[in-house]
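1. Have a look at this prediction, sequence included:
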Amino acid sequence: MISFVHAQLGFLLFFDLRFKDAVNHFLLSETMQPAEIFPFIMQDPNRWSDLVPRKRYWGLHAPPKPLEEVIDDGLVTLQQALFLKKAGVDTVVDEDFLSNPPSRADLLELAIRNIIRYLCASREKDLSSAEMEGVDTLLMYLYRALNFVDDMEKLASSQNSCVVEELESLLDDSGHLRTLAFLYGSKGMCSKSLGIWRMLARNYSAGLWKDHTSLSETDSLETLVGKMSGEEIAAVEASKILQASSDQDLVLEHLGWVADIDQELAIAILTSEMREKQLSPEKVVAAIDPEKVGIHQRYMQWLIEEQGCDEPHYHTSYALSLSKSAMDAVHSESNYGEKNNKEFDSDMPFIYLLRERLQLFLQASDLYDPEEVLDVISESELWLEKAILYRKMGQENIVLQILALKLEDSEAAEQYCAEIGRDDAYIQLLDLYLDPKNGKGPMFTAAVRLLHNHGESLDPLQVLERLSADMPLQLASDTILRMLRARVHHHRQGQIVHNLSRATNLDARLARLEERSRHVQLTDESICDSCRARLGTKLFVMYPDDSVVCYRCYRNQGDSASGRGRNFRKSAIFKQSWLVSR
């Protein structure tokens, strides 16, 4: 009964134009259904006319009709009440209305705001799908009536039950294309949504559409970040749809215009993990604009490093792309004189990171074609990259030439010799230091450093044969002397170790002979430690732990376990006389 009274009071107050109080009573009524409000918003007949219930309290108030007619009738009643009051007749109309009569526009806005409040509260109830469709669709109508753009877009972009057929012409005609795009997106109509975002981006860039940054605070969107332009916002919203879409044709169709606005968004679209089925790498590579090298490289990097692609042609394509970019960067670096220092300094980190990425990839991957990459950078100054490629091809001599002569990195050259693992590699490096050729003088300091670090392991005769007559004696004398002394020391040390080993072997053989030639005395009381039989004149065997067994038991248990149960394989035995004492 209380719910019945609240609903009836609400309708009576509604027709008396007291919309706030009416909605407060509606919210307190548990039996009132949201569909009872629908006739005030949309004229019958409509999609939801059959949902409107007919309840007992409907006979106590005027029949429902569109909101504008309710307000017009209420204003007529106010005018009549004013006339009667002037004539001295008392009326039931509120004195506040009579003393300060509101305008039709104010009443209409007040009514719509309160109905919006009621419909928003109704969304939290457990409604049927048809009722939910009516609530959300009519809520969008009311937002549109007051031009609540933020609320429209928030509703359209969230999970909703709006009927697109009822709203698309309304939103299109009123110019709320962003809301329509959000609505299409939430309903899975991705193609239509992307078409609107693309059109908006084109209009923003051409100045045909009002940019968001110029809107007033009441029209601004809470979802926008910073001072993004309308063109950028359109690309961001489109990228959200494309990142989740597995429709390859749709993604590649809209990739281009998003990339024109923001390449990072295009990369996020191509490398998205949200889609159920990944795009075909072959078609993606073909669709990427050749001028957008950054997108191509980032996609190839993701494909190889994160997706584990092992196709050689993708590895080669990625290496070639990085090589060309590195060559362009080095060329611009060599021409830095045309720039001011500030511009050059800002480019240096980019050049360094680009070359570092190229070098790491060339070292890590074994699937690209090094010869094809080498053909591209052969005329450039990318010497370290060339060294990596020649190393992949097994050209040890060329690698040493680059490291030692071009880059003059003695430490890297010696490290490479250590990786080769042959002493002749150090001799080969020494030859390069002493005879660089191509008009370059001998690198005596590097040669002395090489001899100082690795001379002890080199053949002194080979080293002396390669030393140049022009080499200052004071540079190499100490190193050569130390190298010769080390060789003599190693030779003598080897002789000592050899003689010690011979002595140890001789002692061991002698101890074994002494053990095997021991005399053992048996008596008539001697028994086998295994079968406990008297030995008498039987053949017997003595183990290292001094246990004695008959020959039959020895054949049964072998020589690894004694008659006392000791396993010599697991628990070895040593006697003091066996140890080397000389």
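-> That came through, no problem. Treat the numbers as computed from the prediction; the structure is a model and nothing was measured. Numbering: from 1, shown residues only.
2. Off-centre distance for stretch 145-153?
-> 37 Å (C-alpha atoms, centre = their mean, to the nearest Å).
3. just how off-centre is stretch 258-274 within its chain?
-> Using C-alpha atoms, centre = their mean, the offset of stretch 258-274 from its chain centre is 13 Å.
4. end to end, how far does that stretch reach?
-> Criterion C-alpha to C-alpha, to the nearest Å; first-to-last residue distance in stretch 258-274 is 18 Å.
5. buried stuff in that stretch?
-> Residues of stretch 258-274 classed as buried: 258-259, 261-263, 265-272 (neighbour count, 16 or more other C-beta atoms under 10 Å). All C-beta spots, glycine's among them, are computed from the backbone N, C-alpha and C.
6. Would you check how far apart residue 298 and residue 326 are?
-> 15 Å (C-beta to C-beta, to the nearest Å).
7. correction: residue 281
-> Taking C-beta to C-beta, one finds residue 281 at 23 Å from residue 326.
8. Look at these two and report which has more neighbours.
-> Applying other C-beta atoms under 10 Å to residue 281 and residue 326 shows that residue 326 carries more neighbours, namely 22 against 16.
9. ok so, going back, quick one: which of the buried residues of stretch 258-274 is nearest residue 518?
-> Compare each of the buried residues of stretch 258-274 with residue 518 using C-beta to C-beta and the shortest gap goes to residue 271, at 81.2 Å.
10. you'd agree that closest one is up against residue 301?
-> No. The pair residue 271 / residue 301 is not scored as a contact, 9.1 Å apart, by C-beta atoms under 8 Å.
11. tally of neighbours for residue 316?
-> 17.
12. didn't it look like it was pressed against residue 372?
-> Yes. Counting by C-beta under 8 Å, residue 316 touches residue 372, with 5.9 Å between them.
13. So what's the residue count around residue 292?
-> Look at residue 292: counted by other C-beta under 10 Å, it has 17 neighbours.
14. ok, now which ones touch the spatially closest residue to it that is not a sequence neighbour?
-> Closest residue to residue 292 apart from its sequence neighbours, by C-beta to C-beta, 6 or more residues apart in numbering: residue 259 at 5.7 Å. Contact partners of residue 259, counting by C-beta atoms under 8 Å, 6 or more residues apart in numbering, are 265, 266, 288, 289, 292, 295.
15. What's the separation between residue 259 and residue 299?
-> Using C-beta to C-beta, residue 259 is found at 11 Å from residue 299.
16. who touches both of the two?
-> Common neighbours of residue 259 and residue 299 (C-beta under 8 Å, 6+ apart) are residue 288.
17. Sitting in strands, which of the contacts of residue 259 do you find?
-> Using DSSP state E, no member of the contacts of residue 259 sits in strands.
18. Contact partners for residue 373?
-> Contact analysis of residue 373 by C-beta under 8 Å, 6+ apart lists 316, 319, 320, 323, 362, 389.
19. Point out where the stretch 101-250 of the chain drops to low pLDDT.
-> 206-227 (pLDDT under 70).
20. residue boundaries of the helices in it?
-> Using DSSP state H, counting those that start in this stretch, the helices of the stretch 101-250 of the chain run over 104-122, 129-146, 149-157, 164-174, 177-186, 190-206, 230-244, 248-261.
21. Equivalent analysis for the stretch 401-550 of the chain, please.
-> Using DSSP H, counting those that start in this stretch, helices in the stretch 401-550 of the chain cover 410-420, 423-434, 444-454, 460-466, 473-516.
22. Compare the mean pLDDT across the ones you listed and name the weakest.
-> Mean pLDDT values for the helices of the stretch 401-550 of the chain show the minimum at helix 460-466, a mean of 71.
23. anything in contact with each of residue 316 and residue 372?
-> With C-beta under 8 Å, 6+ apart, residue 316 and residue 372 have no common neighbours.
24. From the contacts of residue 373, list just the buried residues.
-> Counted by 16+ other C-beta under 10 Å, the contacts of residue 373 give 316, 319, 320, 323, 362, 389 as buried.
25. Next secondary structure element downstream of the host helix or strand of residue 329?
-> Per DSSP states H and E, residue 329 falls inside helix 312-334. Following helix 312-334 in sequence order, the next helix or strand is helix 341-364 (DSSP H and E).
26. In terms of secondary structure, what does that next one contact?
-> helix 312-334, helix 383-392 (3 or more C-beta pairs under 8 Å, 6 or more residues apart in numbering; DSSP states H and E).
27. mind listing what's buried in it?
-> By 16+ other C-beta under 10 Å, the buried positions in helix 341-364 come out as 344, 351, 354, 355, 358, 359, 361, 362.
28. what about dumping the CA coordinates of that helix to CSV?
-> C-alpha atoms of helix 341-364 as CSV (Å, rounded to 0.1, in the frame of the first residue of the first chain):
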residue,chain,number,x,y,z
ASN,A,341,75.3,21.9,-31.8
LYS,A,342,72.0,21.7,-30.0
GLU,A,343,70.3,19.8,-32.9
PHE,A,344,73.3,17.4,-33.2
ASP,A,345,73.3,16.6,-29.5
SER,A,346,69.6,15.8,-29.6
ASP,A,347,70.2,13.3,-32.5
MET,A,348,73.1,11.5,-30.8
PRO,A,349,71.0,9.3,-28.4
PHE,A,350,68.8,8.2,-31.4
ILE,A,351,71.8,7.3,-33.5
TYR,A,352,73.4,5.4,-30.6
LEU,A,353,70.3,3.4,-29.8
LEU,A,354,69.7,2.6,-33.5
ARG,A,355,73.2,1.2,-34.0
GLU,A,356,73.0,-0.6,-30.7
ARG,A,357,69.8,-2.3,-31.7
LEU,A,358,71.3,-3.3,-35.1
GLN,A,359,74.4,-4.7,-33.4
LEU,A,360,72.5,-6.7,-30.9
PHE,A,361,70.3,-8.2,-33.5
LEU,A,362,73.2,-9.1,-35.8
GLN,A,363,74.9,-10.9,-32.9
ALA,A,364,71.8,-12.7,-31.6
